[in-house]
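Engineer: Predicted model follows, preceded by the sequence.
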Amino acid sequence: MSIQRISAFSYNNEGGNPAGVAFYEKMPTHEEMLRIANDVGYSESAFLVKQNENFRIRYFSPIEEVAFCGHATIASAAALARKYGEGKYNLIINDGEVNVEVQNKDNNYFATLTSVNTYSKEVEIQYVQKIVDKFNFNIEDLNEKFPVSIAFAGARHLILVLKDKEKLSQMSYDFDAVKVLMKEKELTTISILFNESENLFHSRNAFAFGGVYEDPATGAAAVALGGYLRDIGFKKEGNIEILQGVDMKVPSKLFVSFGSEIGSSVKVSGYTREIKELGK
């Protein structure tokens, strides 16, 4: 068994979010995958088994199985291209199916993930207040143009948009308290954002649920954000870019596109790079 280490959503061949990827003839036990993910030490590792023309894929953080992970899917696309060639692959996740398309571009693999159908729903003010009380900003710092919502595109994410980019740069939170609150709503991440323009968002992503303080690139949250922006009428269709990981000194860039049909799938794309040395 060989674990490939691949960084997804790299920016200028740097940064990105690393994931472990492993292929098996038969899916390992839950306990074995959890042990391997903990040994690898990244926020996510993906485990794949070929099933006819499809691939069953499961995702594990060092402490939890996660229903869906965008950056580990993009990393898996690069691993699939190395093993089977460029093209389109269908992946069976815990709650539906997604597909990835991968090609060699600029001497690195560039992959596009198409999500499951999306939805979003606003969150009651009492819960919002509980969340912001555990961060270093308050409810008045939220941009009222973007209602606080849970957005889904394979996993559930809380969307918080701040008025001030500096507040985003200074983001901090009470890890243990937020983890409890995330489990209450079955949230995979909390996506904290600043909207610079119609086409550009800056993002930080709290992943206390998975035992990680912050993710430098979060593909699952990116597709959920695309569906959310369509739902609230901010952008009915088109493209956005997300810059993430900058404040962590791990720059990442995610390209999101979506059509006008409410609830339909959203695409997220990015470059990958092979990690040849741990920590690089």
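Structural biologist: Alright, I've got the coordinates. Numbering: from 1, shown residues only.
Engineer: tell me the contacts of the residue positioned nearest the centre of the chain?
Structural biologist: Geometric centre of the chain, nearest residue: Thr218, 2.5 Å, by CA atoms, centre = their mean. Counting by CB atoms under 8 Å, 6 or more residues apart in numbering, Thr218 touches Asn17, Gly70, His71, His157, Thr189, Ser191, Ser203, Asn205, Phe207, Gln244. Yep, even glycine has a C-beta here, placed from its N, CA and C like the rest.
Engineer: shaky segments in the stretch 151-280 of the chain?
Structural biologist: 277-280 (pLDDT under 70).
Engineer: So which residues of it form strands?
Structural biologist: 156-162, 189-197, 200-207, 212-215, 238-244, 252-258, 266-274 (DSSP state E, counting those that start in this stretch).
Engineer: what's the angle from the last one to strand 238-244?
Structural biologist: It refers to strand 266-274. For strand 266-274 against strand 238-244, the angle by axes from the mean of the first three to the mean of the last three CA atoms, to 10 degrees is 40 degrees.
Engineer: buried ones in strand 266-274?
Structural biologist: Buried residues in strand 266-274, counted by 16 or more other CB atoms under 10 Å: Val266, Lys267, Val268, Ser269, Gly270, Tyr271, Thr272, Arg273.
Engineer: and what of the second one?
Structural biologist: For strand 189-197, the neighbour count (16+ other CB under 10 Å) marks Thr189, Ile190, Ser191, Ile192, Leu193, Phe194, Asn195 as buried.
Engineer: Find me whatever residue is spatially closest to Asn138, sequence neighbours aside.
Structural biologist: What sits nearest to Asn138 in space, not counting adjacent residues and going by CB to CB, 6 or more residues apart in numbering, is Val132, at 5.7 Å.
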